[in-house]
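1. Structure for this input, please:
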Amino acid sequence: MEKITIKGRSISRGVAEGEALVTDKSFGFSHGIDPHTGKISDEGHEWMGQDARDKVLVFPYGKGSTSGGLYVLEAAKWNNAPLAVINLETEPVVALMDGQLSLRVIDLPFDLQKEYQDEYVQMLNAIRESNALLAGYIDRPRSTFVFALLHLAQLGPDGITEENLRQSPFRNLTDIELFQFLGPGERSAIFTVKAKGLEKYAQAGHTIHFFYLNVSQNEAGPKLARIEIPAWMVENPTALDIVHAVIIRQARINGGYPYVLARAHELAVISNAEREAVEIMLAVEMRRHGLTPALSPKQYNKTLLTSREGFSL
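-> Purely as a prediction, here's the structure:
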């Protein structure tokens, strides 16, 4: 068999080997694959009915909705995803996080904080090297960064003291009050976050910036979100505009909150049946080791007070 070597740009690192499904037609995962079986379900495609599981899919470019990634995630959840995808042309990959970009480590033991931060920064490095676009989405933000900046600007060099900074005349306001003038789809200027604990991000080229974005379609009812982005996104205006457009589109699918984040939450939440299955496995394993499983007093009383049928250990 003739060996063919194809050079390309890696979007997601890894090594895979498997049978290739090859077509010169575009393909979209959104409604194009059944996540629960791995079968191609696009009736208009020549791959219709074929099994994508453990295959390398080779097609020129994608098509369809931005929700295609969710179909891949769902297929992976059921072990029905393809091994790899090879394209001639690719659309930008946008990684959207629910919440701030920086990793919260304050709740961890001190000796683990550095370890987790270092690992997290390495993940950010990998995203940057893959040419993916990255942003954090903060819904209903209560931050006061811009008001703090305005207060600082009012103080003379001799007036910048810890006491004066605490006595801000804007302390009862948040930034979203300041940016109510933003029209549907409009964003504010970009600001840089300066805060303790973010030095590692700056040293690795991930200095955190943010802007406010009105994701509402209603002129009379703005809905502001704070969008956090790393420094290398700020330096790429095209990438910034793409992220802006993707967030607006996603928010309008779902009535003001990115659909992809809502769907990710749905996939991540453990159902009651799954929780009970885990509890049963834990109880069985504890009994094997001579331990007696029991609900904590707090959980026992919560179960009684809410009149819910509890799981009996």
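2. And whichever strand or helix holds Leu165, how far out from the chain middle?
-> Element membership for Leu165 (DSSP states H and E) is helix 162-166. Centroid separation for helix 162-166 versus its chain: 36 Å, with CA atoms, centre = their mean, to the nearest Å.
3. got it, and stretch 275-285?
-> Distance, centroid of stretch 275-285 to centroid of chain: 30 Å (CA atoms, centre = their mean).
4. Dig out what Ile33 forms beta bridges with.
-> On the basis of DSSP bridges, Ile33 is bridged to Ile40.
5. Go ahead and confirm it touches Asp51.
-> No. Using CB atoms under 8 Å, Ile33 is not in contact with Asp51; the gap is 10.0 Å. C-beta here means a position set from N, CA and C on the backbone, and glycine is covered the same way.
6. could I get stretch 202-221 in PDB with only the CA atoms?
-> What follows is stretch 202-221 as a C-alpha-only set of coordinates in PDB (Å, rounded to 0.1, in the frame of the first residue of the first chain):
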ATOM      1  CA  ALA A 202       1.400  38.000  32.600                       C
ATOM      2  CA  GLN A 203       4.800  36.200  32.600                       C
ATOM      3  CA  ALA A 204       3.500  33.600  30.200                       C
ATOM      4  CA  GLY A 205       2.000  36.200  27.900                       C
ATOM      5  CA  HIS A 206      -1.600  35.700  29.100                       C
ATOM      6  CA  THR A 207      -2.200  39.000  30.800                       C
ATOM      7  CA  ILE A 208      -5.900  39.200  31.300                       C
ATOM      8  CA  HIS A 209      -8.000  41.900  29.600                       C
ATOM      9  CA  PHE A 210     -11.700  42.400  29.500                       C
ATOM     10  CA  PHE A 211     -14.500  44.300  27.800                       C
ATOM     11  CA  TYR A 212     -18.200  44.700  28.400                       C
ATOM     12  CA  LEU A 213     -20.600  43.400  25.700                       C
ATOM     13  CA  ASN A 214     -24.300  44.000  25.300                       C
ATOM     14  CA  VAL A 215     -25.700  40.600  24.200                       C
ATOM     15  CA  SER A 216     -29.300  41.800  24.200                       C
ATOM     16  CA  GLN A 217     -31.400  42.300  21.000                       C
ATOM     17  CA  ASN A 218     -33.600  44.800  22.900                       C
ATOM     18  CA  GLU A 219     -32.700  48.400  22.500                       C
ATOM     19  CA  ALA A 220     -34.600  49.200  25.700                       C
ATOM     20  CA  GLY A 221     -33.200  46.400  27.800                       C
END
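7. hang on, the earlier thing: can you give me the buried ones in the helix or strand following the helix holding Leu165?
-> Remark: after helix 162-166, the chain's next helix or strand is helix 175-178, criterion DSSP H and E. For helix 175-178, the neighbour count (16 or more other CB atoms under 10 Å) marks 175-176, 178 as buried.
8. Could you save those as a markdown table and add columns showing pLDDT and distance to Ile247?
-> Output for those, formatted as a markdown table (pLDDT from 0 to 100; distance: CB to CB, whole Å):
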| residue | pLDDT | distance to Ile247 |
| --- | --- | --- |
| Asp175 | 94 | 18 |
| Ile176 | 93 | 16 |
| Leu178 | 93 | 20 |
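9. Name the nearest of the residues you listed relative to Arg263.
-> Ile176 (25.5 Å; CB to CB).
10. measure that closest one to Glu43 for me?
-> With distances taken as CB to CB, to the nearest Å, Ile176 is found 46 Å from Glu43.
11. out of Ile33 and Asp51, which sits in the more crowded spot?
-> Legend: neighbour count by other CB atoms under 10 Å for Ile33 and Asp51, higher for Ile33 (27 against 15).
12. contacting residues around stretch 38-50?
-> Residues outside stretch 38-50 that contact it (CB atoms under 8 Å, 6 or more residues apart in numbering) are 21, 23, 25, 27-28, 31-34, 51-53, 75, 78, 80-81.
13. let me fix that: stretch 228-247
-> 66, 92, 94, 96, 100-101, 124, 128, 133-138, 187, 190, 193, 201-202, 205-211, 213, 215, 225, 227, 258.
14. Show me which of these are buried.
-> 66, 94, 96, 100-101, 124, 128, 133-138, 187, 193, 201, 206-211, 213, 215, 225, 227, 258.
15. For Lys200, give me its contacts.
-> Counting by CB under 8 Å, 6+ apart, Lys200 has contacts 117-118, 121.
16. how distant is the helix or strand hosting it from the center of its chain?
-> Using DSSP H and E, Lys200 maps to helix 199-203. Distance of helix 199-203 from the chain centroid (CA atoms, centre = their mean) equals 21 Å.
17. Now do the strands in the stretch 151-300 of the chain.
-> Counting by DSSP state E, counting those that start in this stretch, residue ranges of the strands within the stretch 151-300 of the chain are 191-192, 208-214, 224-230.
18. Flag the shaky bits of the stretch 151-300 of the chain, pLDDT-wise.
-> Counting by pLDDT under 70, the stretch 151-300 of the chain shows low-confidence ranges at 296-300.
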